[in-house]
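J.: Structure, please.
(one chain, ligands or ions: 2)
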Amino acid sequence: MPESAPKQAPRGVVTDNLVSLQSFILEEEARYPSATGEFSWIISAISLAAKIIAHKVRHVRLQNVLGEDGITNVQGESQLHMDVIANEVIMRVLGGRKSIAVLGSEEDEEPTILRRGHEGGKYCVLFDPLDGSSNLDTAVGVGTIFTILRNDPKIHGAVETVCQPGHQQVAAGYVLYGSSTVFVITTGHGVHMFELDAAVGSFMLVKRDLQMPPKKKIYSVNEANADGFPQGFQDYLKWAHTEGYSSRYIGSMVADVHRTLVNGGVFLYPPTTKHPNGKLRLLYEANPMSFLVEQAGGSSITAKGGRTMDIQPHELHERVALVLGSRDEVAAVARFVK
Ligand code: AHM
Ligand code: MG
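T.: Ligands and ions are numbered 1, 2, ... in the order given. Sure thing, here's the model as predicted:
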């Protein structure tokens, strides 16, 4: 038999040692000699919450937690049992971390101050505990989105504290409870992906420094709303139809953005008749996803064409119309919406 060339691992697949999320974050922190380890405690809390939520999501029927809770949240949307459970899990797990100053959730009207700066509160964590939860009854992928901000001890109000533009994020990520459970994170040094090994109980590194393709003819949008989109978005879609684009839309942001991050393409939630300012929330949906996409080589703009992460927020639940994805695809949309 002729000697064949050694088999190459597929591009992007990690071939080095097994690394857990915990050790990866400790490694990252070691870049900063002054780091105290408090940040890695927060990530470890988020990963613990994610494991608990992943377990719940996988047993929603057996545990009889599908359906509505009978409560309407601040967005005017009825909360599902799983929204409430996921929120409580994250609140309880993060509540014990001594460096967290403020927690803010999609499910709660106001951010909660846990401790002030002089009591050791260094960071704020904002999150959407279970995005896309209305898809749970059809077993579609759902997710948790989070962002970590610094706490400025000079600012006293909780809302003012968390209303920071996206470019100030310290870290951001999401957990996708899909056919596998993946944890995707950036601390501003690339995007890294971990997969939950449920038997071991750890998120393990599967892709270091994920870079998204600069172009891919896929758009992801709720096209049924197209008649209510501003003209530029309608023109973009007409153009994309003539250019041979494919359409992929799950209706669960974490799943749609994850596909866009891995395969390339563009994800859009433009202004609609029902949501003239867009539907997605700036602080805990759009900004964390924009940070990840930019770190993976893509870009993220608003319906007005500016960088999403440069918007100065004014309230916790502020909405924004959003376009994010592969660099060239976002640029193609920008040509029409300007
Ligand atoms: P939610 O936070 O109430 O779950 O809503 C956000 C979800 C996103 O996951 C998804 O991108 C979007 O709503 C889908 O909206 P639509 O059904 O209007 O297309
Ligand atoms: Mg949401």
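
J.: Compute the number of surrounding residues for residue 283.
T.: The number of residues packed near residue 283 is 30, by other C-beta atoms under 10 Å. For the C-beta atoms, the positions are set from N, CA and C on the backbone; glycine is no exception.

J.: In three-state terms, label it for me.
T.: Secondary structure for residue 283, judged by DSSP: H, G, I helix; E, B strand; the rest coil, is helix.

J.: can you pull the pLDDT of it?
T.: According to the prediction, residue 283 has pLDDT 98.

J.: next one: the one 3 residues further on
T.: Reported pLDDT at residue 286 in the predicted model: 98.

J.: Can you show me the CA trace of the helix ranked longest in the chain as PDB?
T.: Counting residues, the longest helix found in the chain (DSSP state H) is helix 38-57. Extracted as PDB, the C-alpha positions of helix 38-57 are listed here (Å, rounded to 0.1, in the frame of the first residue of the first chain):
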ATOM      1  CA  GLU A  38     -13.800  37.300  39.900                       C
ATOM      2  CA  PHE A  39     -14.600  37.400  36.200                       C
ATOM      3  CA  SER A  40     -14.100  33.600  35.800                       C
ATOM      4  CA  TRP A  41     -16.400  33.100  38.800                       C
ATOM      5  CA  ILE A  42     -19.200  34.900  36.800                       C
ATOM      6  CA  ILE A  43     -18.600  32.800  33.700                       C
ATOM      7  CA  SER A  44     -18.600  29.600  35.800                       C
ATOM      8  CA  ALA A  45     -22.000  30.700  37.300                       C
ATOM      9  CA  ILE A  46     -23.400  31.300  33.900                       C
ATOM     10  CA  SER A  47     -22.200  27.900  32.700                       C
ATOM     11  CA  LEU A  48     -23.800  26.300  35.800                       C
ATOM     12  CA  ALA A  49     -27.100  28.000  35.100                       C
ATOM     13  CA  ALA A  50     -26.900  26.900  31.500                       C
ATOM     14  CA  LYS A  51     -26.400  23.300  32.500                       C
ATOM     15  CA  ILE A  52     -29.500  23.500  34.800                       C
ATOM     16  CA  ILE A  53     -31.600  25.200  32.100                       C
ATOM     17  CA  ALA A  54     -30.400  22.700  29.400                       C
ATOM     18  CA  HIS A  55     -31.500  19.800  31.600                       C
ATOM     19  CA  LYS A  56     -35.000  21.500  32.100                       C
ATOM     20  CA  VAL A  57     -35.300  22.300  28.400                       C
END
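
J.: Show me what the mean pLDDT comes to for that helix.
T.: Rounded mean pLDDT across helix 38-57 is 95.

J.: how many other residues sit next to residue 156?
T.: Neighbour tally, residue 156, other C-beta under 10 Å: 11.

J.: and if you look at residue 80?
T.: 21.

J.: Residue 334: which element?
T.: Using DSSP states H and E, residue 334 sits within helix 327-337.

J.: and the closest residue to residue 313 other than its chain neighbours, what does it touch?
T.: Of all residues beyond its chain neighbours, the one nearest residue 313 is residue 163 (4.3 Å), with distances taken as C-beta to C-beta, 6 or more residues apart in numbering. Going by C-beta atoms under 8 Å, 6 or more residues apart in numbering, residue 163 touches 283, 312, 313, 314, 315, 316.

J.: So which of these is surrounded by the most neighbours?
T.: residue 283 (30 neighbours).

J.: The chain: helices as residue ranges?
T.: So, for the chain - with DSSP H - the helices run 21-29, 38-57, 81-95, 158-162, 231-242, 253-263, 287-295, 327-337.

J.: Packing partners of the lowest-mean-pLDDT helix or strand in the chain?
T.: The weakest-scoring helix or strand in the chain, judged by mean pLDDT, DSSP states H and E, is strand 68-72 (a mean of 72). Applying 3 or more C-beta pairs under 8 Å, 6 or more residues apart in numbering; DSSP states H and E, one finds that strand 68-72 contacts strand 78-80, helix 81-95.

J.: how far off helix 81-95 does that strand point, in degrees?
T.: 70 degrees (axes from the mean of the first three to the mean of the last three C-alpha atoms, to 10 degrees).

J.: show me what contacts the one residue in the stretch 151-300 of the chain that gets nearest to ligand 2?
T.: Closest contact between the stretch 151-300 of the chain and ligand 2, by C-beta to the ion, is at residue 285 (5.5 Å). Applying C-beta under 8 Å, 6+ apart to residue 285 gives the contacts 106, 128, 131, 145, 253.

J.: Including distance to residue 260 and neighbour count, could those residues go into CSV?
T.: Shown next, in CSV, are the contacts of residue 285 (distance: C-beta to C-beta, whole Å; neighbours: other C-beta atoms under 10 Å):
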residue, distance to residue 260, neighbour count
106, 21, 24
128, 17, 28
131, 15, 27
145, 14, 29
253, 10, 25
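
J.: wait, which of the residues you listed is closest to ligand 1?
T.: residue 253 (3.3 Å; C-beta to the nearest ligand atom).

J.: For the closest residue to that closest one other than its chain neighbours, give the beta-bridge partners.
T.: Nearest non-adjacent residue to residue 253, counting by C-beta to C-beta, 6+ apart: residue 131, 5.4 Å away. Note on residue 131: beta-bridge partners residue 143, judged by DSSP bridges.
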